[in-house]
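In: Show me the folded form of this:
(one chain, ligands or ions: 1)
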Amino acid sequence: MDTHLQTELVHHAQANLIAGWAAIPAPVTRASTVLFPNLAALRALDWRHDAQWRYGLHATPISHALAQQLAALEGATQALLQPSGLAAIVNVYQGLLQQGDDVLIPDNAYTPNRDYGAWLARFGISARYYDPLIGADIAQLIQANTRLIWLEAPGSVTMEVPDVRGITQIARARGIYTALDNTWSAGLAFKPFEHGCDISVQALTKYQSGGSDILMGATLTTDTELYLKLKQARMQLGFGVSADDCALVLRGLPSMKVRYAAHEQSALALARWLKTRPEVAAVLHPALPDCPGHAFWKRDFSGSGGLFSVVFDEKYTSAQIDRFVEGLQFFKLGFSWGGALSLALPYDVAPLRTATRWPHRGGLVRFFIGLEDERDLRADLERSMSTHLLG
Ligand SMILES: *Cc1c(COP(=O)(O)O)cnc(C)c1O
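Out: Alright, predicted model coming up:
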């Protein structure tokens, strides 16, 4: 039966992990050792099949149930879980690249991903950075040894939305893998496999868990050969996930779509209001026209969630912007996002760019709009702006 996503999020196939047992939550299958009835059963195991239980590190029934549900959510056929979003990114690098290879990374990529590219120089792999708005001109950067192109849609601090299809079409034609960090959309608002991507990466730490208490990541694919490459690397890296953490992510999933919509509604209202404020030079929200790549958001995305950035007028010093951020009552200071609490952080973007010049001179603040009443958040922003952004 062709059901809708929200129904699938609630009615996922998790209840029948233990024969004769029926309850709504999946049983939390904690295990290191997995027991075999005899040696023949142990020796017959095929590492390529997740549900042939071998060892708790590789998969248990609850991690398998979570992986399958995540795959279904994005239209993938297979998913692997890693102990963090960054571990999922590392799994992609380790699964696909070897000495002598080259990788292209967008200039606005999640900073630890950018940094991992540079780290690969130790292993004889080169990383080069590209303008996230490059589109089909990526063709000009491709070398004979280019094996992987990263995309992030949108960049999670500066919010440029890439022309995903423009890039993946070129990559496909040249036999180069594409991996897209899809964390901003939670797999809800953007479907990478409909746009030619080979791998989708999620930090489940964010909206999927929704509780600000879990670290987990996922790599999703539609190609079995690619899946097995990633799986082999995952085994070599020793990446596993805890059954308890899987249970908490599974608890978050049924409400994820409604949470995402609630974050989105408040975030759009606040972004539009911030745009009217004299203190603000630009609102970088993919669903609003100020945001570079907005046309691609409009073409390819069905939603926008709670994360966006604002560039303040250049007349404010970074010390003033810091005081504004610290002066907020409901917006807390901290990395990550996707939970109930609103967050705000100032970023110094210019030093993070190498392929492009950051065009703004004013300070940038990234906001995550939580599940508080939007009117209280607006009053909080207004009060701290009028106290700290004077002149
Ligand atoms: C948070 C985040 C990650 C990493 O997730 P962790 O679980 O914190 O390691 C990767 N990519 C993006 C875009 C993120 O926002």
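
In: what about residue 64, distance to the ligand?
Out: Between residue 64 and the ligand the computed distance is 20 Å (CB to the nearest ligand atom, to the nearest Å). Where you see a C-beta, it was placed from the backbone N, CA and C, and this is true even at glycine.

In: In space, what's closest to that residue - neighbours in sequence excluded?
Out: Spatial nearest neighbour of residue 64, excluding adjacent residues (CB to CB, 6 or more residues apart in numbering): residue 50 at 5.2 Å.

In: Isn't that neighbour up against residue 62?
Out: No. Taking CB atoms under 8 Å as the definition, residue 50 is not a contact partner of residue 62, at 12.0 Å.

In: related to what we said a few turns ago, shouldn't the residue nearest to residue 64 be within a helix?
Out: No. With DSSP: H, G, I helix; E, B strand; the rest coil as the criterion, residue 50 is coil rather than part of a helix.

In: And it, how far from the ligand?
Out: Applying CB to the nearest ligand atom, the value for residue 50 to the ligand is 21 Å.

In: cool, and residue 150?
Out: Residue 150 sits 11 Å away from the ligand when distances are taken as CB to the nearest ligand atom.

In: same deal with residue 243?
Out: Computed as CB to the nearest ligand atom, the residue 243 to the ligand distance reads 18 Å.

In: Without its sequence neighbours, what residue ends up closest to that residue?
Out: In space, residue 243 comes closest to residue 30 once its chain neighbours are excluded; the distance is 4.4 Å by CB to CB, 6+ apart.

In: Next one: the residue nearest to residue 64 relative to residue 66, how far apart?
Out: 11 Å (CB to CB, to the nearest Å).

In: follow-up on the earlier one: spit out the contact partners of the residue nearest to residue 243.
Out: Applying CB atoms under 8 Å, 6 or more residues apart in numbering, one finds that residue 30 lies in contact with 56, 60, 242-244.

In: Is residue 370 in contact with residue 306, as I believe?
Out: Yes. Counting by CB under 8 Å, residue 306 is a contact partner of residue 370 at 7.0 Å.

In: which one of residue 50 and residue 62 has more residues nearby?
Out: Using other CB atoms under 10 Å, the more surrounded residue of residue 50 and residue 62 is residue 62, with 26 against 20.

In: The more buried one touches residue 25, doesn't it?
Out: No. With contact defined as CB under 8 Å, residue 62 does not reach residue 25; the gap is 9.4 Å.

In: who touches both of the two?
Out: Shared contacts of residue 62 and residue 25, counting by CB under 8 Å, 6+ apart, come down to 247, 250.

In: re the thing from before, list residues touching both of residue 370 and residue 306?
Out: Common contacts of residue 370 and residue 306 (CB under 8 Å, 6+ apart): residue 263.

In: okay, those two: which has more neighbours?
Out: Residue environment comparison for residue 370 versus residue 306 gives the larger neighbour count to residue 306, 28 against 24, counting by other CB under 10 Å.

In: nearest residue to that one other than its sequence neighbours?
Out: Leaving out its chain neighbours, the residue that sits closest to residue 306 by CB to CB, 6+ apart is residue 263, at 3.0 Å.

In: What of residue 275?
Out: Once flanking residues are discounted, residue 275 sits nearest to residue 283: 4.6 Å by CB to CB, 6+ apart.

In: In the stretch 1-150 of the chain, which residue sits nearest the ligand?
Out: Relative to the ligand, the nearest point of the stretch 1-150 of the chain is residue 85 (2.2 Å; CB to the nearest ligand atom).

In: again with the stretch 251-391 of the chain
Out: Taking CB to the nearest ligand atom as the measure, the stretch 251-391 of the chain has residue 336 as its residue closest to the ligand, at 5.5 Å.

In: got the contact list for that residue?
Out: Residue 336 is in contact with 205-206, 212, 343, counting by CB under 8 Å, 6+ apart.

In: Strands - which of the residues you listed land there?
Out: Helix and strand membership here follows DSSP state E; of these, those in strands are residue 343.

In: out of the contacts of residue 336, which touch the ligand?
Out: 205-206 (CB under 6 Å from any ligand atom).

In: which of the contacts of residue 336 lies closest to the ligand?
Out: Checking those against the ligand by CB to the nearest ligand atom gives residue 205 as the nearest, at 3.5 Å.

In: Wait, that closest one touches residue 215, no?
Out: Yes. Between residue 205 and residue 215 there is a contact at 5.1 Å, judged by CB under 8 Å.

In: Looking at the two, which one has more neighbours?
Out: Here residue 205 and residue 215 are compared on neighbour count by other CB under 10 Å; more neighbours surround residue 205, at 26 against 18.

In: What distance do you get for the more buried one to residue 94?
Out: Remark: distance between residue 205 and residue 94 (CB to CB) = 20 Å.
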